[in-house]
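**Q** need a structure here:
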Amino acid sequence: MTSPPIPTLPDQHACERARLSRDPRFDGVFFTAVRSTGIYCRPVCPAPPPRRENVDYYPSAAAAEAAGFRPCLRCRPELAPAEGTWRRSDETVARALKLIDHGFLAEHRLADLATRLHLGERQLRRLFVQRLGAAPAGVHGTRRLLFAKQLLTETALPVTEVAQAAGFASLRRFNAAFLDAYRMPPRDLRRRAREPAHAGDVAHDRPLVLKLGYRPPYDLAAMLDFLRDRALPGVEVVDARSYARAIGSADAPAWLQVCAWPAGRDGATHALRLALHGVAPAQLAATVQRVRRMFDLDADPHAIAAALSADPRLRPLLRQRPGLRLPSGWDGFEIAARAVIGQQVSVAAARTVATRLVQRHGQAVDIAGAPGLSHLFPTPATLAHGDLHGLGLTGARADTLRGVAAALLDERVDFRADRTLEDFTAAWTALPGIGPWTAHYLALRALGHPDAFPAEDLVLQKIAGGDGQRLGTRALRDRAQAWRPWRGYAVIHLWRDAIARAASARASR
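**A** A predicted model of the protein is given here:
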């Protein structure tokens with residue numbers, strides 16, 4: 001895979017222009033630190049801009065905090081999307097960041113992270129300092145404290161539960177780390193927060209609401225359209241404005257809902273609203289990370305468009321849908337099962353069979369206040385030896401589905417965040433019944449990998465040329481080389497164009 005360039009920081013003139021214009025394209029790409037106040041901000045901070053001679057620029061929040069700066073209470077650096085141009089690639093630091101984002105260092109030593117990446121500890125630290133201006137431990141620590149800051153600002157969770165959600169083993173350690181980094185105890189930050197927490201956030205009948213930032217433009221309507229066409233009754237409820245699904249376990253069922261953040265509310269811009277019902281504090285960080293991946297909130301649409309618009313076939317599609325994102329899925333096994341079910345059948349037919357599968361093997365749950373949500377998707381353990389007769393599956397596909405479940409249980413395949421695209425597809429295509437199309441589809445929908453490319457897809461082959469002539473697999477793959485490392489976004493644009501053309505053709509009959 002051709003990785004995007006790995007910048008340490010945009011040039012000073014670009015940073016200065018972005019800061020003065022509050023350009024949202026640079027949100028999360030760098031942070032502005034003001035020496036006279038000891039505060040660091042996002043480039044979109046609404047506060048009056050400081051004098052240039054008082055400003056330093058840092059490539060990450062962790063770098064700014066390592067230099068002794070504290071996060072701004074007004075623009076709230078915890079809401080900045082991750083730098084999406086390069087960190088989603090298969091480059092070593094990008095893979096390490098994916099693991100850190102998934103909490104790897106909360107349970108493992110730095111040596112374990114280095115071993116996973118086939119590096120020495122010293123080399124890993126050096127790479128992090130070069131790319132991000134901070135060591136891995138600093139990046140992990142900043143991530144935990146910023147998440148805690150968001151919970152303190154936006155919710156009324158008890159401080160003990162905030163500490164647990166942020167991954168601290170004790171309240172004492174949390175208070176000490178917070179005071180050391182931000183020079184105030186957590187309770188003082190809550191009192192000073194500009195956005196009042198709602199007492200109902202901790203009540204059983206009220207959700208815990210969080211703000212999830214992104215870089216504009218963002219096409220939420222297109223995202224919901226994609227998810228609605230594939231929504232499984234009982235597991236998901238999707239309408240024109242929101243996505244909801246049952247999550248958790250049979251013993252501790254929960255649910256979530258995602259929609260646009262209300263316009264003008266609390267001064268929020270460029271954010272989605274995540275409402276969590278019944279999610280345990282220890283699961284909050286992982287749940288937020290899943291939703292961010294599922295809705296592709298860390299993408300950099302301008303960098304993607306700059307790369308793909310060189311192709312005359314894609315250029316008009318990018319103009320029509322500049323905020324189109326990769327619609328990922330909640331659970332890797334669920335996406336895998338549905339991909340097997342959907343091999344060589346329509347989306348509607350696959351949804352019908354998957355619904356039958358849920359009704360027979362999914363765990364029924366009673367979730368108060370969640371209309372339309374009644375089941376959890378079946379687990380690999382349930383389907384590895386489950387009865388799949390009478391669902392509408394061929395014998396071969398039923399065998400493949402059971403084989404996928406068994407392979408996940410014995411760890412022949414997985415959905416690890418640090419897998420390279422090459423390693424991931426190689427492991428999956430080694431399974432009987434899983435070909436390149438399915439493996440790349442899984443990389444696209446389960447991992448949200450930006451360069452996944454199911455070149456065997458018949459719709460892509462028919463639509464990619466734009467002249468009615470179908471491209472063969474090799475010809476399509478050759479053409480798509482120019483789209484790397486963003487081939488996955490080209491796929492979504494072309495699929496969307498195929499749907500629009502089919503709808504137009506039906507309307508003209």
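**Q** quick one: the helices in the stretch 1-150 of the chain?
**A** For the stretch 1-150 of the chain, applying DSSP state H, counting those that start in this stretch gives helices covering 12-21, 61-66, 92-101, 104-107, 110-116, 121-132, 136-154.
**Q** so which of these comes closest to Asn175?
**A** helix 136-154 (10.5 Å; C-beta to C-beta). Placement of C-beta: from N, CA and C, glycine included.
**Q** quick one on the thing from earlier: with mean pLDDT added, can I get the helices of the stretch 1-150 of the chain in CSV?
**A** What follows is those, written out as CSV (pLDDT from 0 to 100):
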stretch, mean pLDDT
helix 12-21, 95
helix 61-66, 96
helix 92-101, 93
helix 104-107, 93
helix 110-116, 96
helix 121-132, 94
helix 136-154, 97
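**Q** looking at those, which is closest to Trp486?
**A** Nearest of those to Trp486, taken as C-beta to C-beta: helix 92-101 at 14.2 Å.
**Q** now the closest one and helix 121-132, what's the angle there?
**A** If you take axes from the mean of the first three to the mean of the last three C-alpha atoms, to 10 degrees, helix 92-101 sits at 90 degrees to helix 121-132.
**Q** Can I get helix 92-101 in CSV? Just the C-alpha atoms.
**A** Only the C-alpha atoms of helix 92-101 are listed here, as CSV (Å, rounded to 0.1, in the frame of the first residue of the first chain):
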residue,chain,number,x,y,z
THR,A,92,3.9,1.8,11.8
VAL,A,93,2.9,4.9,13.9
ALA,A,94,-0.6,4.9,12.5
ARG,A,95,-1.0,1.2,13.5
ALA,A,96,0.3,2.0,16.9
LEU,A,97,-2.1,4.8,17.3
LYS,A,98,-5.0,2.5,16.4
LEU,A,99,-4.0,0.2,19.2
ILE,A,100,-3.6,3.1,21.7
ASP,A,101,-7.0,4.4,20.6
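**Q** So which elements touch whatever helix or strand Tyr441 lives in?
**A** Secondary structure from DSSP states H and E places Tyr441 in helix 436-445. On a contact count with 3 or more C-beta pairs under 8 Å, 6 or more residues apart in numbering; DSSP states H and E, helix 436-445 meets helix 332-341, helix 421-429.
**Q** which parts of the helix or strand just after that helix are buried?
**A** Remark: after helix 436-445, the chain's next helix or strand is helix 458-463, criterion DSSP H and E. Using 16 or more other C-beta atoms under 10 Å as the test for burial, helix 458-463 gives 460-461, 463.
**Q** Quick check: which element contains the residue nearest the centre of the chain?
**A** For the chain, the residue nearest the mean C-alpha position is Arg293 (1.2 Å; C-alpha atoms, centre = their mean). Per DSSP H and E, Arg293 falls inside helix 284-294.
**Q** buried stuff in stretch 349-360?
**A** Neighbour counts over stretch 349-360 (16+ other C-beta under 10 Å) mark 350-351, 353-358 as buried.
**Q** And for stretch 51-62?
**A** 55, 57-62.
**Q** before we move on, what about stretch 481-488?
**A** Using 16+ other C-beta under 10 Å as the burial criterion, the residues of stretch 481-488 that qualify are 483-488.
**Q** Mind checking which of those residues land in strands?
**A** Taking DSSP state E as the definition of strands, the buried residues of stretch 481-488 contribute nothing to them.
**Q** Nearest to Leu212 among the residues you listed?
**A** Distance to Leu212, by C-beta to C-beta, is smallest for Gly488 among these, at 20.7 Å.
**Q** If we ignore the residues flanking it in sequence, what's nearest Gly278?
**A** Leaving aside its chain neighbours, Gly278 sits nearest to Ala254 (3.7 Å; criterion: C-beta to C-beta, 6 or more residues apart in numbering).
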